[in-house]
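Student: Would you be able to build a 3D model of this:
(one chain, ligands or ions: 1)
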Amino acid sequence: MSPLAIELGAPDTDSDADLAIRACLNPNDPKSFFLYAGAGSGKTRSLKEALDDFRDRHGDEFRRAGKKVAVITYTNAAADEIAARVGQDALFPISTIHSFCWSHIGTYYTDIQAWLLATLPNDLADLREKQSKGRAGTKAADDRERAIAATIKRLDWLSVPRRFTYSPNGDNFGADSLSHSEVLKITAAFILAKPAMQAVLVNKFPFLLIDESQDTNKILIDAFFALAAANTGKFALGLFGDTMQRIYADGLPDLGRNIPPEWARPVKRMNHRSPQRVVQLGNSLRSAVDSQIQLARDDSMVGTVRLFIVAADVTDKPDKERKARERMAELCGDAGWTEDATVKTLTLEHHMAASRRGFVPMFQALDKDSRLATGLRNGELAGLRLFTERVAPLLAASTAGDEFAVMSHLRKNSPLLKRSVLANSLTPEDPLLPARAAVEALVALGVENPSTQFLDILGCVAEHELFEIPAALRPFIKVEPASATPETTVSDTNDDEVEEEAEASPSSLQAWRAFLETPYNQVGPFAEYISNRGPFGTHQGVKGLEFDRVLVVLDDSEARGFLFSYEKLFGAKPLSDQDRKNAAEGADTGIDRTRRLLYVTCTRAEKSLALVAYTESPDTLAAAVVKQGWFSADELERL
Ligand SMILES: Nc1ncnc2c1ncn2[C@@H]1O[C@H](COP(=O)(O)OP(=O)(O)OP(=O)(O)O)[C@@H](O)[C@H]1O
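Tutor: Have a look, this model is predicted:
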């Protein structure tokens, strides 16, 4: 098929799939189903419609019986997207897979301890065996040695009864905290082995719907399958997903091959999101993997796709990307391409976005400590949230002259406006005076000035006791708050505290110190970035989302990991012996992973799509992508 050939279909082509799903969600005869369909085929929409329909037909009955339909997905962004589309309803709790699991096992302390005591010795034996066989003096050997020591210490800690903590969104450190993978494994083990846990799940959630199920941990998926098989007629599983969009390594690679015959398997062939040219590109990218061919809507636009090829050693990459956008504006007759706010630029890694948005110093400082990595990337570190969620909104409201917003923010977040503090105010004639003085002092620091550091802001907040200081940042404040009120003490013992203590571990001090010495004016672009509202996103982070204009940056030289290589996928760089060996053994290769990632990014586009490929071999790349049938020669431009 030439790059421009595409089959069209009527918008209602797939309506049978929705009817089939509705039939499965029947409390009197629950039936599991598996909806696997390509990007933009309306899987999330089918999920929403199924829930709306369920609410109308069975909502009252379920509410009366205290039953719910659980909806789980992989990332917070995807959970938010579903919540936005479906609306908040206690009948349909929407959560990420990790928080769902933790909510079910979190209180089973004794069982968790027993599981760890049974599992850790095996892990230890495994590590020791690897250590004895591996070469000494390598980084891997050092890491193993550390892991062995940590496991021994943990086993020792477990010699008396313990309680456990876990943060689904952050980094988990500290003896009592469970790792992400432990939480998934423990949940799977409990589902399989504990009738009480099975009964709770099945009675409370007769339906469990999993969006993005291709990325759900394979051990857990197997446990859910077993749960469904053991509870036919009482419980059903509904899987929505697309194997071509599997990004995380622990998803079940061949999900789809082992679906029990009694399950329903509705089919969706349409792409409702993208213009014809993008749908065709998606089809040709996935043709090497499976035979799914999507149809574009018969009322869709043809759309525009361009691949801009740029030499890898150019010095000003953002300038090249600006030029690509200007060219897209011209080609599409669409001025939206020139506005930051109306183009979504996707980089492979966060630090590439950081360099384009100007928050490299703070990002790099914290990224040096790998234990802060996840919390840095999703903005959940308490030490960061002081600035992004407390100080920045306060200063924004103050700069806008919105006194009402200032006071409402302080009432919610500041100890200075707690009732007991106000009642015992040292300035009874104007109890709000200390709060006002604090805001004025912050404003006076000149927050836009590049010489104002996070450290200055922190010092000012601490001096005025404007907000509580998270544990990670306490070592850096000179003045201890003079009047720790009973409230501060009480709220210090909340759930965040455990995480905060962990962030504050001595080895993280250096990273926090380096961060605090960077300019505060990076906080705006950083907060915008982590909230997913800004003009940048990562290739992995935009799964499930959609944008009018998408610019995908392909740049192996800026990528830090070895998991992906666009140069190899595009034929600009030869495969290594290891790649060939993996491919020959049928293992998931870097090229497979990169192809899936490219499929995800390209299929986010609702109107037009630009790719900017930085390459060491522009001619080879150009020839290869035309030969593969991904682009026509007139869709390539050199910049
Ligand atoms: N039957 C339909 N009629 C009109 N618009 C639709 C229909 N189905 C889906 N859409 C729209 O198409 C877009 C893609 O749908 P949705 O996000 O549900 O697809 P998806 O299969 O979950 O996508 P992906 O796997 O790529 O994340 C959305 O904007 C959605 O509103």
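
Student: what about the stretch 251-400 of the chain, any weak spots by pLDDT?
Tutor: Counting by pLDDT under 70, the stretch 251-400 of the chain has low-confidence residues at 251-256.

Student: Tell me the backbone dihedrals of the residue in the stretch 401-550 of the chain that the ligand sits nearest to, please.
Tutor: Nearest residue of the stretch 401-550 of the chain to the ligand: Gly544, at 4.2 Å (Cβ to the nearest ligand atom). The way it works is simple: take the backbone N, C-alpha and C, and place the C-beta from them, glycine included. With angles defined as degrees, to the nearest 10, Gly544 sits at phi 90, psi -10.

Student: and Glu544, how far is that from Gln214?
Tutor: Residue 544: Gly, not Glu. Distance, Gly544 to Gln214, by Cβ to Cβ, to the nearest Å: 11 Å.

Student: Look at those two and report which has more neighbours.
Tutor: Legend: neighbour count by other Cβ atoms under 10 Å for Gly544 and Gln214, higher for Gln214 (25 against 22).

Student: Can you tell me which residues in this protein are near the ligand?
Tutor: Contact residues (Cβ under 6 Å from any ligand atom) of the chain with the ligand: 11, 39-45, 242, 245, 272-273, 544, 546, 603.

Student: just these: which has the poorest pLDDT?
Tutor: Least confident of those in the model: Gly544, at 79.

Student: Show the contacting residues for the nearest residue in space to the residue of the stretch 401-550 of the chain closest to the ligand that is not next to it in sequence.
Tutor: Nearest residue to Gly544 in three dimensions, chain neighbours excluded: Ala78, at 4.3 Å (Cβ to Cβ, 6 or more residues apart in numbering). By Cβ atoms under 8 Å, 6 or more residues apart in numbering, the residues touching Ala78 are Thr96, Asp211, Glu212, Lys543, Gly544.

Student: any idea how far the residue of the stretch 401-550 of the chain closest to the ligand is from Thr73?
Tutor: 7 Å.

Student: Quick check, the residue in the protein closest to the ligand?
Tutor: Closest residue of the chain to the ligand, Cβ to the nearest ligand atom: Gly42 (2.7 Å).

Student: I figured that residue hits Asp14, correct?
Tutor: Yes - at 7.1 Å, Gly42 and Asp14 qualify as touching, with contact defined as Cβ atoms under 8 Å.

Student: Now do the shared contacts for these two.
Tutor: Joint contacts of Gly42 and Asp14 (Cβ under 8 Å, 6+ apart) are Lys268, Met270.

Student: Would you mind listing where the chain has pLDDT under the threshold?
Tutor: Ranges of the chain meeting pLDDT under 70: 1-4, 139, 169-175, 249-256, 420-423, 425, 428, 479-507, 560-562.

Student: the residue most distant from the middle of the protein, which is it?
Tutor: Computed with Cα atoms, centre = their mean, the residue of the chain farthest from its C-alpha average is Glu429, at 48.8 Å.

Student: Would you verify that that one is located in a strand?
Tutor: No - counting by DSSP: H, G, I helix; E, B strand; the rest coil, Glu429 is located in no strand; its state is coil.

Student: quick revisit: mutual contacts of Gly544 and Thr73, please.
Tutor: Contacts common to Gly544 and Thr73, judged by Cβ under 8 Å, 6+ apart, are Asp211, Glu212.

Student: Next secondary structure after the longest helix along the chain?
Tutor: In terms of residue count, the longest helix belonging to the chain (DSSP state H) is helix 109-133. As assigned by DSSP states H and E, the chain's next helix or strand after helix 109-133 is helix 139-157.

Student: now for the following helix or strand past that next one, which elements pack on it?
Tutor: Per DSSP H and E, the first helix or strand lying C-terminal to helix 139-157 is helix 180-193. Contact partners of helix 180-193 among helices and strands, from 3 or more Cβ pairs under 8 Å, 6 or more residues apart in numbering; DSSP states H and E: helix 97-105, helix 109-133, helix 195-204, helix 218-230.
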